[in-house]
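>>> Sequence below, structure please.
(chains A and B)
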Amino acid sequence: MRMSKLFVQTLREYPSDAEVISHKLLVRAGYIRKLANGIYNYLPLMQRVLHKIENIVREEMNNAGAQELLMPFVQPSELWLESGRWEVYGKELMRLKDRHNREMCLGPTHEEVITSVAREGIRSYKQLPINLYQIQTKFRDEIRPRFGLLRGREFIMKDAYSFDSDEAGLDKSYEIMAKAYKKIFERCGLETKMVQSDSGAIGGSVSHEFMVLVNEDSENNAGENDVFYCSECGYSANSNHAVSNLEKAQTDGGFTSAQIKDTPNTATITELADYLKIPPSVICKCLIYVIDGKYVAALIRGDKTVEETKLMNEFQGNEIRIARNDEIEEIMSNSGFNAVAGFIGPKGLKGVEIIADKTVLELKNFVIGINQTDKHLTGANWGVDVELPVKTADIRLVEENDLCCECGAKLKVTKGIEVGNIFKLGTKYSKAMNATFTDKDGQEKPFIMGCYGIGISRTAAASVERHHDENGIIWPKSIAPYLVTVVPVSDQDETQMKVAEDIYNKLLENNVEVLIDDRAERAGVKLKDADLIGIPYRITVGKTIKDNLVEFKTRQTGDVETITPDEAVKRILDLI
RNA sequence: CGGGACGUAGCGCAGCCUGGUAGCGCACUACCUUGGGGUGGUAGGGGUCGCAAGUUCAAAUCUUGUCGUUCCGACCA
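Predicted coordinates for the structure are as follows:
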């Protein structure tokens, strides 16, 4: 491709609305342009990168025995009503009506559609297992799109769905996908970590995410997930799912009797601990949440934090938030109390479900709110002064240096970009939508399903997050839009131009994806652009051509070698 | 949705406080110059100052509303 004809415009400055480096660089280097909030045009260079990633995904999915199909982007509400998600998916589901006033939506994911495809097309266990996938645009009306392609509203995703006749089959399908994913990201030049995760709104039991780990210390804040991991045994999990053991802490408050004490101006745990001169770990914290419109009081040790996803899952909820002050007032007046946040306790609450984190079980002679402003109960014990909640669970957010549940070593934390995930869905959709097959024994059974996603456009952006320097993008060879760019330093110099054209044509003849910068620009502009756009190899034809020498530069290492044009061509041909 | 900031040429910005001919750099067009890390120059083209209402002889500038963008929190590939 000739740069003089390529549709690309590089900018001298970063766009002002971009925050993270992948967004800044992709816009500045002419790969993407924003059309609306969270919605981007993929310009020709970007489209080539996306195709590269898609093709790697296709090859590995096909190798893993999956079959590609393509489902509609616009979906009828009926399927979503069947699965029950029309009500629960919320505002992220972009709904619209057609001219006949029929309710439709833009596909944020395709479990419903694939399940309908399967129930029509798969009748017998003999057709199982099967794995079907597509590469397609998804639309999710995100609350807050940001970070360019890392969190757009419209994005490109590969989604695959497996169907098995039993759990053992699903385990196998899941394994196959886990392996395929590892290989896909490796081939894309991305190191990923497979971590345990919450299965969220899609539903199901087991799930893992593939994370590209990013350093927190750089200007790079693109990692939206906290990943906890153990460098001893290899345990790793998203913070929304991670579990840990705790170092021994003081859990006995040392109070000799139960007593209500005045504790003025102690609405926070720190203030209360300071006032009573006790460690936060002997306080039982009580937080009021609203889960799908219902009130929940969550009890947790004072020095720990509630992990909201875990809490929400205990109630099979879809939406969770901390209660507003007016809601707390409402609870108080319904229960006959008059306390403000900071002094709330489980005792006597009406219309509120109570759940205790495991950490509070071992508390003795502890401190807890009793729904009286500026007062707390000290020296409380479960079963004596406060009834132990029936519902207990792990709803605690793991922290760095907590102990690994597997091996006891200290856990570490890092930021990650989720580029893929795999779920064991089980029969959630097949049962709800009555998608069944006839098994060996002649019985009708629901499919055992798995689903597997890869964010194609996000993977491209994640690659830029990981592979760049102060001059621009550094694409891995496997997903670069072009492998090599030939740069004649001066378009005025006939010899340079002739040699450059010659190299270009030889590479073209050998099906190399090659650019030639034949623009009437100065050397500096061409060289800056080559770095910015991030082409892995550059062959520069300059003055040294009088000695039959050109410059061969490797973008990733910055290595520059001076060799003959023929050698340069050979170098490239040896790479492919 | 809650809290902050910003909307002036394709991009980056000044002008607004103190109302009076709409500016700068990059990009774009033509010519000259230069020719190995975004040369230097001359001459050009491109704007309903986000939109609407109000105040005023007069609004980019003041007021109100509205729409959009962006940052911080709850969502997720």
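
>>> Need phi/psi at whichever residue of the stretch 351-500 of chain A sits closest to RNA strand B.
Using Cβ to the nearest atom of the strand, the closest approach of the stretch 351-500 of chain A to RNA strand B is made by A:Gly455 at 2.8 Å. Where you see a C-beta, it was placed from the backbone N, CA and C, and this is true even at glycine. Dihedral angles of A:Gly455 (phi, psi; degrees, to the nearest 10) stand at phi -80, psi 110.

>>> what residues are up against it?
A:155-157, A:418-420 (Cβ atoms under 8 Å, 6 or more residues apart in numbering).

>>> Report the two of those residues separated the most.
Largest separation among the contacts of A:Gly455 by Cβ to Cβ: A:Ile156 and A:Glu418, giving 15.1 Å.

>>> Which one (most neighbours) among the contacts of A:Gly455?
Counting neighbours by other Cβ atoms under 10 Å, the top entry in those is A:Gly420, with 29 neighbours.

>>> For the residue nearest to A:Glu224 when sequence neighbours are not counted, which residues are in contact?
Distances taken as Cβ to Cβ, 6 or more residues apart in numbering place A:Ile417 nearest to A:Glu224, at 6.9 Å, with adjacent residues excluded. Applying Cβ under 8 Å, 6+ apart to A:Ile417 gives the contacts A:150, A:211-212, A:214, A:222-225, A:458, A:462, A:465.

>>> returning to that earlier point: also near RNA strand B: which of the contacts of A:Gly455, exactly?
Within the set of the contacts of A:Gly455, contact with RNA strand B (Cβ under 7 Å from any atom of the strand) is found for A:155, A:157, A:418-420.

>>> with those in mind, which one is nearest to A:Glu470?
A:Val419 (24.6 Å).

>>> secondary structure element for that closest one?
Element membership for A:Val419 (DSSP states H and E) is strand A:412-426.

>>> Average the pLDDT values over the helix or strand just after that strand and round to the nearest integer.
Next helix or strand after strand A:412-426 toward the C-terminus (DSSP H and E): helix A:428-432. What helix A:428-432 shows for mean pLDDT is 93.

>>> taking the mean pLDDT, what do you get for the helix or strand following helix A:428-432?
Using DSSP H and E, the next helix or strand after helix A:428-432 towards the C-terminus is strand A:436-438. In this model, strand A:436-438 carries a mean pLDDT of 97.

>>> go on, stretch A:346-353?
For stretch A:346-353, the mean confidence score works out to 90.

>>> what is A:Val541 paired to in the beta sheet?
A:Pro488 (DSSP bridges).

>>> Just confirm A:Glu330 is within a strand.
No. Counting by DSSP: H, G, I helix; E, B strand; the rest coil, A:Glu330 falls outside a strand, being helix.

>>> what's the pLDDT at it?
87.

>>> just A:Ile576 next, same as before
A:Ile576 is given a pLDDT of 86.

>>> ok, now which ones touch the closest residue to it other than its chain neighbours?
Excluding its sequence neighbours, the residue lying closest to A:Ile576 (Cβ to Cβ, 6+ apart) is A:Val512, at 6.3 Å. Applying Cβ under 8 Å, 6+ apart to A:Val512 gives the contacts A:483-484, A:572-573, A:576.

>>> Tell me how far the closest residue to A:Cys188 other than its chain neighbours lies from A:Ala462.
Setting aside the residues directly before and after it, A:Cys188 is nearest to A:Ile479 in space (Cβ to Cβ, 6+ apart), at 5.5 Å. Relative to A:Ala462, A:Ile479 is positioned 11 Å away (Cβ to Cβ, to the nearest Å).

>>> Spatially, which residue comes closest to A:Asn325, not counting chain neighbours?
Using Cβ to Cβ, 6+ apart, the closest residue to A:Asn325 is A:Ala341 (6.4 Å).

>>> My guess is that neighbour contacts A:Glu327. True?
No. If you go by Cβ atoms under 8 Å, A:Ala341 and A:Glu327 don't touch, sitting 10.0 Å apart.

>>> what sits in contact with each of those two?
By Cβ under 8 Å, 6+ apart, the residues touching both A:Ala341 and A:Glu327 are A:Ile288.

>>> between those two, which one's more packed in?
The residue with more neighbours, out of A:Ala341 and A:Glu327, is A:Ala341; 20 against 16, by other Cβ under 10 Å.

>>> still on that earlier bit, A:Ile479 and A:Ala462: who's more crowded?
Each of A:Ile479 and A:Ala462 has its neighbours counted (other Cβ under 10 Å); A:Ala462 has more, 27 against 24.

>>> picking up where we left off before, counting neighbours, which of the contacts of A:Val512 comes out on top?
Busiest of these [other Cβ under 10 Å] is A:Val484, holding 27 neighbours.

>>> In terms of pLDDT, where does it sit?
98.

>>> which residues pair with it across the strands?
A:Val514, A:Tyr537.

>>> In contact with the residue in chain A that RNA strand B sits nearest to, which residues?
Closest residue of chain A to RNA strand B, Cβ to the nearest atom of the strand: A:Gly542 (1.6 Å). By Cβ under 8 Å, 6+ apart, the contact list for A:Gly542 reads A:488-490, A:496, A:523, A:550-551.

>>> Can you tell me the centre-most residue of chain A?
A:Glu418 (2.9 Å; Cα atoms, centre = their mean).

>>> Enumerate the beta-bridge partners assigned to that residue.
A:Met211.

>>> my read: it touches A:Met211, true?
Yes. Look at A:Glu418 against A:Met211 with Cβ under 8 Å: they come within range, at 5.8 Å.

>>> Quickly list what's touching both of those two.
A:225, A:238.
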